[in-house]
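Student: Model the following, please.
(chains A and B)
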Number of protein chains: 2
Amino acid sequence: MSQQTVSPDATIEADPEVPVIHIYREFAATPQQLFRAHTDPDIFVRWIGPEGMPVHIDHWDARTGGSWRFVGGPEDEYGFHGCFHEVRTDRIVQTFTWEGQPDGVALETLTFEDLGNGRTRLHTTSLCASFAERDGWLQSGMEVGVNDGYAKLDKLVADGAV
Amino acid sequence: MSQQTVSPDATIEADPEVPVIHIYREFAATPQQLFRAHTDPDIFVRWIGPEGMPVHIDHWDARTGGSWRFVGGPEDEYGFHGCFHEVRTDRIVQTFTWEGQPDGVALETLTFEDLGNGRTRLHTTSLCASFAERDGWLQSGMEVGVNDGYAKLDKLVADGAV
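Tutor: Below is the predicted model:
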């Protein structure tokens, strides 16, 4: 079985009209499994972020109106936080701040599209306040964390951990 | 004393580059008073929205990571909700959904700029997912609610209620 077939890199695209980053990725998982992977903190910390980066939850309340914060890195030096605007089985809307830029806020929308046969397409949009902020993210090397993370999630699904 | 001088209409502008609505308004109030008017639910319900529209709080937790919901209208027919991404004395960042369009979400940032002499300039940005959504708001008659609400807030401040 070709790993390339099962786990291609995510498609990361700059929207042509609005300061949005689109990320598309297919998984050999059901929408329910992807929802769990994004809302269960014990599963989330096992896949989010670059390969080898330890992640710890600071707080996590994955319901509409809840909020979240996690830290990553050997010395917890990278902090991220936001609030959950909406948590439902086919869609999560949340705010996102990387604490290295504490006044920067993105509005993220994740949708889980059921492709049938146990496959799901994840589409994430990250709406930024400006094109400069959006393009800064695209030039930051973010694709490493995205692709490493999704590859870890593929393995968790294959191992029956999700 | 000219009412026009004290309480001009808010300036409501479409951003030329991103799907944002800017609202600017000066108040004869301190930043602390404007912060209280936006975070204390008992004060908030006395000024938000069009003249004569009753407003009730459903829930309200004005802290970073909290959430809110209020309903308006004679039969509570208009619902609005969101989460507070950040609540600090000079800036509030929150999400905003009008439940008549339940999948629409805006990211709102309110900043309170101290002009001295007991005056403050409020700047609100509402970042929408698309230009169509943003322009729909601008054509909705929103200026009535904005200006009525701020005029009510002027009176509350003048009456010493804030």
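
Student: Near chain B, which residues of chain A are found?
Tutor: A:17-20, A:59, A:64-67, A:81-86, A:91, A:93, A:95, A:97, A:103, A:105, A:107, A:109, A:125, A:127, A:129-131 (Cβ under 8 Å from any Cβ of the partner chain). Placement of C-beta: from N, CA and C, glycine included.

Student: Residue A:133 and residue A:101, how far apart?
Tutor: Distance, residue A:133 to residue A:101, by Cβ to Cβ, to the nearest Å: 8 Å.

Student: okay, the two: which has more neighbours?
Tutor: residue A:133 (16 against 11; other Cβ atoms under 10 Å in any protein chain shown).

Student: Show the residue spans covered by the strands in chain A.
Tutor: Secondary structure of chain A (DSSP state E): strands at A:11-14, A:20-27, A:55-60, A:67-72, A:78-88, A:91-98, A:106-116, A:119-127.

Student: Filter the residues of chain A next to chain B down to the buried ones, PyMOL style.
Tutor: With 16 or more other Cβ atoms under 10 Å in any protein chain shown as the criterion, this PyMOL line picks the buried residues out of those:
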select buried, chain A and resi 18+19+20+64+65+66+67+81+82+83+84+85+86+93+95+97+105+107+109+125+127+129
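
Student: Dump the strands of chain A into JSON lines; add mean pLDDT as well.
Tutor: Shown next, in JSON lines, are the strands of chain A (pLDDT from 0 to 100):
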{"stretch": "strand A:11-14", "mean pLDDT": "97"}
{"stretch": "strand A:20-27", "mean pLDDT": "98"}
{"stretch": "strand A:55-60", "mean pLDDT": "97"}
{"stretch": "strand A:67-72", "mean pLDDT": "98"}
{"stretch": "strand A:78-88", "mean pLDDT": "98"}
{"stretch": "strand A:91-98", "mean pLDDT": "98"}
{"stretch": "strand A:106-116", "mean pLDDT": "98"}
{"stretch": "strand A:119-127", "mean pLDDT": "98"}
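
Student: With distance to residue B:39 as new columns, can the ones you listed be given to me in TSV?
Tutor: Output for the strands of chain A, formatted as TSV (distance: least, Cβ to Cβ, whole Å):
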stretch	distance to residue B:39
strand A:11-14	36
strand A:20-27	30
strand A:55-60	21
strand A:67-72	16
strand A:78-88	15
strand A:91-98	18
strand A:106-116	21
strand A:119-127	25
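
Student: buried residues in the lengthiest helix in chain A?
Tutor: When chain A is parsed with DSSP state H, its longest helix is helix A:142-158. Within helix A:142-158, the residues that qualify as buried are A:142, A:145-154, A:156-157, counting by 16+ other Cβ under 10 Å.

Student: And for stretch A:49-58?
Tutor: Buried residues in stretch A:49-58, counted by 16+ other Cβ under 10 Å: A:49-50, A:55.

Student: Roughly how far does the closest residue to residue A:8 other than its chain neighbours sit from chain B?
Tutor: Nearest residue to residue A:8, sequence neighbours excluded (Cβ to Cβ, 6 or more residues apart in numbering or on different chains): residue A:26, at 7.5 Å. From residue A:26 across to chain B, the span is 23 Å (Cβ to the nearest Cβ, to the nearest Å).

Student: residues in contact with residue A:26?
Tutor: Contacts for residue A:26 (Cβ atoms under 8 Å, 6 or more residues apart in numbering or on different chains) come out as A:8, A:115, A:119-122.
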